[in-house]
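*Asks:* Need coordinates for the below:
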Amino acid sequence: MKSFLRLHTWPLVGLAIAANLGLQLYLATGELKNWAQIDWMDVAGEGGSAVLALVWLIMLLHSRPAGRVTRLLALGLACIFFSWWMDTLDEFVQLPQTVAWDNWLETAPMPIGLLLLTLGIYHLNQEQRAISQQMSKRERLFREHRLFDKVTPLGAAEYLRQQIQHALAEACEMEQPLSLVAVDLDDFDAINRRYGQDEGDAVL
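*Replies:* Model prediction:
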């Protein structure tokens, strides 16, 4: 929680200041509507959307480290929240008809926020693809590493099985004979018992 607050305090504080300035501007310019004038369906729709955008923003900041992708997504959600917030305030405050800036405050942040979100999602997709490629490479190296014995390091039984299958398929395709030579060391365990495991590994 402390790291979350340390990394993301300023975006949330900045959004709170912007939302409060918008509220103060509406209250200073217009008059509060009475209950009969308020369209509660619009309040539920626009206010609920603003709350959801704020929840998404907090979840995003809580789940991701600071960086370009987080910045783009956070700014996009902040603009969308601000647009819906101002739209909600319009349901409670009646502005004079001569006022034109309210349409800009309600409308302009939305396309800007969607553009920032689009850029953020694009870079997030690039980031996830890079992570997936790295994880796939590590998984492949891990699988290949397991095919070899740690002591010798010769191929283990699974590696031998794969090589035999490949050689059989190639011999059938080329119509060539195939031979397999196996060497068995009798009583090799006696070396381990007499001289120890390390000496047995050195012999191998």
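
*Asks:* next structured bit after the longest helix along the chain?
*Replies:* Across the chain, the longest stretch assigned as helix under DSSP state H is helix 109-146. Following helix 109-146 in sequence order, the next helix or strand is helix 157-174 (DSSP states H and E).

*Asks:* quick one, domains of this protein?
*Replies:* The record's domain parsing of the chain by automatic domain parsing lists 2-141, 149-204.

*Asks:* The last one: how far from the chain's middle?
*Replies:* This means domain 149-204. Mean C-alpha position of domain 149-204 versus that of the full chain (C-alpha atoms, centre = their mean, to the nearest Å) differs by 44 Å.

*Asks:* about what we covered before: quick check: mean pLDDT of the longest helix of the chain?
*Replies:* For helix 109-146, the mean pLDDT works out to 83.

*Asks:* Just want the angle from that helix to helix 157-174.
*Replies:* Orientation of helix 109-146 against helix 157-174 (axes from the mean of the first three to the mean of the last three C-alpha atoms, to 10 degrees) gives an angle of 90 degrees.

*Asks:* Tell me which of the domains of the chain sits most buried.
*Replies:* domain 2-141 (a mean of 15; mean count of other C-beta atoms under 10 Å). No exception for glycine: its C-beta is placed from N, CA and C like everyone else's.

*Asks:* circling back to that earlier point, the domains of the chain: lowest mean pLDDT?
*Replies:* domain 149-204 (a mean of 77).

*Asks:* give me every residue that touches residue 60.
*Replies:* 70, 73-74, 77 (C-beta atoms under 8 Å, 6 or more residues apart in numbering).
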